[in-house]
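[1] need coordinates for the following:
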Amino acid sequence: MVRLKTLGSRIKESSGSRVKVVTPGSWRSGMTSSQRGYDYKWQKARARYLRDHPLCIYCERYGLTAASSVVDHKVPHRGDQDLFWNEDNWQALCKTCHDSVKQAEEAAGLAG
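    Below you'll find the model as predicted:
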């Protein structure tokens, strides 16, 4: 049996654990999540909304059942606090649908 060499010294550690993925010129450039509105007040509202809407609405469309874990803004708010807090603009999604289907819709200009 062949032993594998470890990669220990070959992997460089990065200075931060997260990679910033923000489009240059974006409304959220240089802002923390709290500065964008995702603070304690949002966490409480999010938790309540997920309790009231426990299933992913995208999965339900396809006859699937998945627990929701993301409160998504149907129409991207882009910093508009009225749109941000408008619960009619919220929908419960699972992380998979949020990170794939919803992002693809937004990229294609279909959001909202």
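
[2] can you tell me which residues contact residue 66?
    55-56, 59, 94, 96-97 (Cβ atoms under 8 Å, 6 or more residues apart in numbering). In short, each C-beta sits where N, CA and C put it, glycine included.

[3] can you check the pLDDT for it?
    Residue 66 is assigned a pLDDT of 97 by the prediction.

[4] that one and residue 82, how far apart?
    30 Å (Cβ to Cβ, to the nearest Å).

[5] one step back: of the contacts of residue 66, buried ones?
    Neighbour-count burial (16 or more other Cβ atoms under 10 Å) applied to the contacts of residue 66 gives 55-56, 59, 94, 97.

[6] between the residues you listed, which sits nearest residue 76?
    Of all the buried ones among the contacts of residue 66, residue 97 has the smallest distance to residue 76: 16.0 Å, by Cβ to Cβ.

[7] right, and the pair among the buried ones among the contacts of residue 66 with maximum separation?
    55 and 97 (11.0 Å).

[8] before we move on, back to that, can you put the buried ones among the contacts of residue 66 in JSON lines and add distance to residue 74?
    Converted to JSON lines, the buried ones among the contacts of residue 66 look like this (distance: Cβ to Cβ, whole Å):
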{"residue": "55", "distance to residue 74": "16"}
{"residue": "56", "distance to residue 74": "14"}
{"residue": "59", "distance to residue 74": "16"}
{"residue": "94", "distance to residue 74": "16"}
{"residue": "97", "distance to residue 74": "13"}
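
[9] between those, which sits nearest residue 104?
    Ranked by distance to residue 104 (Cβ to Cβ), those are led by residue 97 at 10.2 Å.

[10] hang on, that closest one in a helix?
    Yes - remark: residue 97 belongs to a helix, assigned using DSSP: H, G, I helix; E, B strand; the rest coil.

[11] output the below-cut-off pLDDT ranges for this structure.
    Along the chain, segments meeting pLDDT under 70 span 1-37, 111-112.

[12] buried set for the longest helix that it contains?
    Looking across the chain with DSSP state H, the single longest helix is helix 40-52. Judged by neighbour count (16+ other Cβ under 10 Å), helix 40-52 contains these buried residues: 42, 46, 50.
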